[in-house]
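A.B. asks: Everything below, folded, please.
(2 chains)
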Amino acid sequence: MSIDMEQFHQVFFEESFEGLDIMESGLLNLDLGDVDDEDINTIFRAAHSIKGGSGTFGFTAVSDFTHVMETLLDEMRDGRRLVAQQVVDVLLGSVDCLKEMLIAIQDGNDIDNSSVTEYQKALEIELNGNKEDAGAESVNNKSAEEYVEQTSVKNENEQGWNITFRPHNHLLKTGNDPVRMFRELAELGVLKSTVDFKDVPDFFDLDPEESHLSWKLKVVGDIPEIEINEIFDWVEGDSDLAILPLIEKNIETPIKTSPQVQKTITPQQTETNNKPEEENSFKAETEIKSDTKKKSKKRAKETANTSSSIRVDTGKIDTLINMVGELVITQSMLSLVGESFELSKLDQLKNGLSQLERHTRELQESVMNIRMLPISFVFSRFPRLVHDLSTKLEKKIELVLVGENTEVDKTVVELLSDPLVHLVRNSLDHGIEMPADRSAAGKPETGTITLEAYHRGGNIVIEVRDDGKGLNKDILKAKAVEKGLIDEDAVLTDKQIYELIFMAGFSTAEKVTDVSGRGVGMDVVRRNIQSLGGNIEITSELGQGSTIAIHLPLTLAILDGQSIAVGDERFIIPLGAIVESINISEEMINRVVGKGETFRLRDEYLPVVRMHDIFDVKTVKATKLTEGLVVVVDGHGMRCGLFIDDLLGQQQVVIKSLEANYRKVDGVSGATILGDGSVALILDIPGLVRLSNQ
Amino acid sequence: MAEEAKQIDIDEAEDKKIENLVQFLSFTLGDEEYGVDILCVQEIRSWEPVSRIPNVPSYEKGVVNLRGAIVPIIDLRERFGIGHLEYTTLTVVVVLQIRTESEQSRVMGVVVDSVSDVIDVDKKTIQSAPNFGAKVSTEFINGLASVNERMVMLLDVEKLLKLDDLNDEDKR
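C.D. replies: Numbers count the residues shown, from 1 in each chain, chains lettered A, B, ... in the order given. Okay, here's the model as predicted:
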C-alpha cells in the first residue's frame, strides 16, 4: 500500500455523493404498487459502489453501514421482500445519514455515532423482521432437507459430503455449467442429487438464460474436502453453497443441516470476511506514518476543500476541439498571407481577420459554456424536500419541474440552491393550504408548486409558483404598520406592498414553525440574489397563488457594461445598475448646505457624485454639471447621479479580479481588459455611493 | 575510515559553498544599486502606460494587462523617496512573483531606472542592513552585499509585494 490514497479521496467523495443522489432519486421514484426491477438495481448498484469505495479507503464505518443497507436492498432486488413505504423511508433516512457521514469524513470531523447507530438499528430491525418471515418460508425447504437427512441416517457409516448448491440466476451467463460440475463430482464418488424446482417461474416469465434450480447433492466416498471445493471454485461467488461432511453429522446430532449452522458461502459474507484484514493493514500502515501523514493529510484536506471540479458533457469538449481546430486553420491561413504580403491580398487578409474574429468569439462562447450546468443540479433536490415536508405538514402537494435543462453558470447554480430551498419551503408552508381548506375554496385537494427556469434576454429567470392562497395585501400592510415599518396612511403600490416581505423581521405567519415563519428568511434570500447580481420580484393574487421570480445574469464572469469617460480615463459601469443618463440644466441643480449638490429628477432629489473628485481624476474639462452627463445609478436601492464626461459605448466585458495581484480598491469591483489591451476599472456602484458619503 | 570521513567533510563543505551562493538581479535607482532574488523575477519589460487606480499612494502607479492578468505597477523610486524620473522607452519594469502562504502566486511590476547584472552572492557575506533609526526606512532591505567594491542593497521581495500593510500608514 505504498500508493498515496489521499489523492483518490476527492474522486471517491464526488462519486459517493453522486451515488447518494442516485439512490435518493431512485427511492423517491419507486412506485410502491409496481416496482420496477431496474430501479432497485440502480439503487443497489449505487450503494454497492459506495460500499466498495469506502472499504478500499478504509472508511470502515461507512462500508459497514452501507453493507446493512445493501443487504436490505439485495432482498428487495431478489423479490424476497416487499417494497413497503416503511422500508423506503428507513432507506431514505439512511441515505441522509450516509451523506452526513461522508461529509464528516471529508471535512476531517468525527462521525456522529448516535445517528449512525440509530439508523443502523432501524435497518437491522427491518432486516431481522424479514428473517422471521423468511423462516416461515423456509419450512417448505425443510421437507427436502429432511429427506436428505433420512437417507443419510440409513447409511450411517458412509463417508462423504452433503452439498447444498443454489446457483444465482445469472450463473449460466458466467459460462459455468452445473451439469459439468456434477459429472466431475460423480467421478469422485457415488453421487445422489435432488433437484428443487420451486423457484422456477411460470413458463411465460421464464428466461432460458437464467438458472432457477437448486440442488441437494450427496457424494459418497472417501474424498478430501479440497477436491470438492475445487469443483465449486468457479461458482463460489455466483451461488449459495454449503458443503458439509456426512460423517460429522452422524457423530453429532442429526439435525446439523439447519440453515443457521450451515457454512453458507455467500458473496457478501466473503466480502465482509476479507474486509477487516484489509482495513487492519491499512490502519497499521497509517499509524506508522502517523505524524508526517497527519500533517500531509491536513494539508490535503485543505486543498481538497478549496479545489472544486466540474463534470463536463463530452459533447461540449468536442465542440471546443473543433473550434480550436478551425482557429488553427485560420491562423495558418493568415500567416501564409503575412509571409509575402502584397496589397492585392488585402481582401484575403480582411477575410481571414473576420474569420479569426468569428472563431475567437465562438471559442469564447464555448469555453463559457463549459462552466454552464443544467439547473436540474439545483432542482433535483426538491422532490425529496417536498416529499418530506408535505408529509410532515399533512398537505397534498405535487411538484412540477419545468425547464430543468436550462443552463446556468456553475457559481450561480451553487449559490442559488439555498435561496430556492427557502422559497419552496415558504410556498409549502404558507402558500399551499390544508387539503380541507382547498376543497372548501373549490380548488383541487392537491396543491401544485411549479419550479420553472427559462432564459430571457441575457438573464435566466427562475420562478417558484404555487396555486395556494396568495398574499393578502391588507394583512401585509397592517402588519407593516404594526411593526412601525410604514405609516398607517401611506399609499403603497402593489409592488411596494410585496416588497415588505423582504424586510428583515417581517413575518405574517400566525405562529412560528420549524419550517418557516421567523421572518429572517426573505431578506437573506434577497441579499443572496442581489450578491449574484440579480433581483427578485413577487406577483400574487389572493386565493389564486403567488409567483416569485428570480432574475439572474447567466454568468458571473462576463458582464454587460457601459464604458464611460472621465477626463482621460475610462471606466465601466455595470449596465444593470444604470437607470438612465441625462443632461441636466441649471434649474435642476440644488445645493444642500452650500456644498452637497443635488438635482431633481422628476419627483426625487438625488445627490450628485462627481467622478472627477471622488476618483481624483486630473481634468481640464467639465467642471460644471451642465457641461457633462449625469448617469443615474441604483446601488442596492440607493440612487444617485454620477457626473461624468461622456458615454462611450456598451460592451460585454470579462471580469478580472484586482485582488489576485493587488488588493481591494474602494468603489471598484474589478477590472477588465479593453479591446486595445488597456485595463479599465469596473465601478462598484454601492461602494461608490458609500465612498461619496464619507 | 577517518580519511573517508574527512573526504565527506570536504565534499559537504563544497556542497555548502554552492548551497550558500544566491543569485540576485541587480538594478539601479539613481546612484544606488539594488538586488532582488533572481528566483522571484518573472520577466523584465519596458515601461508602458498604466491604468491609474484612484485613491491610492502616488507610488502605486496603476495596473497593466500582463497577458490577461491584472498586475499592479509600483515606482520604486517614489516608494523609496528618491524622487521621480520621467518615464522613457528605456525605463524598465521588473515583474516580480512570489508564492503566498495560500499557494497562490502574486505578481507585481516595479519600475526601476535600469537593470545591470546578475550577481552571485555568498549568503555568509551578506551583511545585515544598518540601522538608521527612524530617519531612514530600511524595512525592505534584507541585507547588504559587496560586489566588485560596490554596495548592493538586497531587497525583501515579500515585504515589497505586501501592499496591504503599507497602505494604512501611507495613504495620502
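A.B. asks: Endpoint to endpoint, stretch B:119-126 covers what distance?
C.D. replies: With C-alpha to C-alpha, to the nearest Å as the measure, the ends of stretch B:119-126 fall 13 Å from one another.
A.B. asks: So for it, what gets flagged as buried?
C.D. replies: By neighbour count with 16 or more other C-beta atoms under 10 Å in any protein chain shown, stretch B:119-126 contains the buried residues B:119, B:121, B:126. Glycine gets a C-beta too; all of them are placed from N, C-alpha and C.
A.B. asks: Next: stretch A:381-392.
C.D. replies: By neighbour count with 16+ other C-beta under 10 Å, stretch A:381-392 contains the buried residues A:381-382, A:384, A:386, A:389-390.
A.B. asks: now stretch A:471-481
C.D. replies: A:471, A:476-477, A:479-480.
A.B. asks: where does that stretch sit relative to the chain's centre, distance-wise?
C.D. replies: 37 Å (C-alpha atoms, centre = their mean, to the nearest Å).
A.B. asks: Can I get that stretch in PDB, CA atoms only?
C.D. replies: Extracted C-alpha coordinates of stretch A:471-481, given in PDB (Å, rounded to 0.1, in the frame of the first residue of the first chain):
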ATOM      1  CA  LEU A 471     -50.600  37.100  -0.400                       C
ATOM      2  CA  ASN A 472     -53.100  39.200   1.400                       C
ATOM      3  CA  LYS A 473     -52.200  42.800   0.800                       C
ATOM      4  CA  ASP A 474     -54.300  44.100   3.700                       C
ATOM      5  CA  ILE A 475     -52.700  41.800   6.200                       C
ATOM      6  CA  LEU A 476     -49.300  42.600   4.900                       C
ATOM      7  CA  LYS A 477     -49.900  46.300   5.200                       C
ATOM      8  CA  ALA A 478     -51.500  46.000   8.600                       C
ATOM      9  CA  LYS A 479     -48.500  44.000   9.800                       C
ATOM     10  CA  ALA A 480     -46.100  46.600   8.500                       C
ATOM     11  CA  VAL A 481     -48.000  49.400  10.200                       C
END
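A.B. asks: Can you pull out the residues in contact with it?
C.D. replies: Residues external to stretch A:471-481 that are found in contact with it (C-beta atoms under 8 Å, 6 or more residues apart in numbering or on different chains): A:486-488, A:492, A:494, A:497-498, A:500-501, A:503, A:506, A:508, A:538, A:540, A:542, A:546.
A.B. asks: Now a PyMOL select for only the buried ones of the residues you listed.
C.D. replies: Those of the contacts of stretch A:471-481 that count as buried under 16+ other C-beta under 10 Å are selected in PyMOL with:
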select buried, chain A and resi 486+497+498+500+501+503+506+508+538+540+546
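A.B. asks: Of the contacts of stretch A:471-481, just say which sits nearest to chain B.
C.D. replies: residue A:503 (33.8 Å; C-beta to the nearest C-beta).
A.B. asks: Could I get the contacting residues of the closest one?
C.D. replies: Taking C-beta under 8 Å, 6+ apart as the test, what residue A:503 contacts is A:480, A:485, A:522-523.
A.B. asks: For it, report the pLDDT, please.
C.D. replies: The score at residue A:503 is 73. That number is its pLDDT.
A.B. asks: how far away is it from residue A:474?
C.D. replies: Applying C-beta to C-beta, to the nearest Å, the value for residue A:503 to residue A:474 is 17 Å.
A.B. asks: same check, this time on residue A:560
C.D. replies: From residue A:560 to residue A:474 the distance is 40 Å (C-beta to C-beta).
A.B. asks: Residue A:453 too?
C.D. replies: 32 Å.
A.B. asks: again with residue A:670
C.D. replies: 45 Å.
A.B. asks: Same question for residue B:158.
C.D. replies: 64 Å.
A.B. asks: Next, the residue lying closest to residue A:588 once chain neighbours are set aside: secondary structure please.
C.D. replies: What sits nearest to residue A:588 in space, not counting adjacent residues and going by C-beta to C-beta, 6 or more residues apart in numbering or on different chains, is residue A:599, at 4.5 Å. The assignment at residue A:599 comes out as strand when based on DSSP: H, G, I helix; E, B strand; the rest coil.
A.B. asks: now swap in the one 10 residues further on and tell me
C.D. replies: Counting by three-state DSSP, the backbone at residue A:609 sits in strand.
A.B. asks: phi, psi of the residue nearest to it when sequence neighbours are not counted?
C.D. replies: Excluding the flanking residues, the one nearest residue A:609 by C-beta to C-beta, 6+ apart is residue A:692, at 4.3 Å. Recorded main-chain torsions at residue A:692 are phi -70, psi -20, according to degrees, to the nearest 10.
A.B. asks: burial of residue A:692, as a residue count?
C.D. replies: Close neighbours of residue A:692, defined as other C-beta atoms under 10 Å in any protein chain shown, add up to 18.
A.B. asks: One more: residue A:165?
C.D. replies: Other residues within reach of residue A:165, judged by other C-beta under 10 Å, total 23.
A.B. asks: and it, what element?
C.D. replies: Residue A:165 belongs to strand A:160-167 when elements are defined using DSSP states H and E.
A.B. asks: what helices or strands is that strand leaning on?
C.D. replies: The contact analysis (3 or more C-beta pairs under 8 Å, 6 or more residues apart in numbering or on different chains; DSSP states H and E) places strand A:160-167 against helix A:178-188, strand A:214-220, helix A:225-232, strand A:239-245, helix A:246-251.
A.B. asks: Many thanks, I have nothing further to ask.
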